[in-house]
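**Student:** just the structure for this:
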Amino acid sequence: MSSSPDSVSSSVTRSGTREQYIRVRIKPLDIPPIKDGLVIGVRAAIGADAMQRTLQLVSNEKFELIAFKEDEIVSHALVRLAILKKVSKAKMMDFILARLKPLMTEGEILMLDIDVEMVVEDKL
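**Tutor:** Just a heads-up that it's a prediction; the model follows:
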């Protein structure tokens, strides 16, 4: 096991005994590790089909695969269907291309945590 100064420290006391300390950061693993969606670059380490199959195995949520044909940065997006009931697929695609694409490289996968606020009014 390798040690780094940030995670494990060791010292020798005057009597020659050795003391060791370890610090570990712990946070829960969310299954699936994706909340609302992903944007997948054209040269990402895992492709959209493999990611979609993985999500089907680890989640009860349904995700829609959105293809960005002939884009030089963005290959696909996987977006939770519940989000696409509130925001159209076309608007989501426009948002990804206008706002997220400029922030990413072709090898990245971006995780999306999407908050959609809707106001519904009716006269009673």
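
**Student:** specify the local secondary structure of Ile96.
**Tutor:** helix (DSSP: H, G, I helix; E, B strand; the rest coil).

**Student:** how many other residues sit next to it?
**Tutor:** By the measure other Cβ atoms under 10 Å, the count of residues near Ile96 is 21. In this view, the C-beta of every residue, glycine as well, is placed from N, C-alpha and C.

**Student:** residues in contact with the residue nearest to the spatial centre of the chain?
**Tutor:** Taking Cα atoms, centre = their mean, the centroid of the chain lies closest to Met111, which sits 2.4 Å from it. Contacts for Met111 (Cβ atoms under 8 Å, 6 or more residues apart in numbering) come out as Pro33, Ile34, Lys35, Gly37, Leu38.

**Student:** which strand or helix spans the last one?
**Tutor:** Of the helices and strands defined by DSSP states H and E, Leu38 is found in strand 37-41.

**Student:** which residues does the helix or strand that that strand is followed by contact?
**Tutor:** Next helix or strand after strand 37-41 toward the C-terminus (DSSP H and E): helix 48-58. Helix 48-58 is contacted from outside by 31-32, 34, 38, 40, 46, 61, 63, 65, 67, 75-76, 78, 109, using Cβ under 8 Å, 6+ apart.
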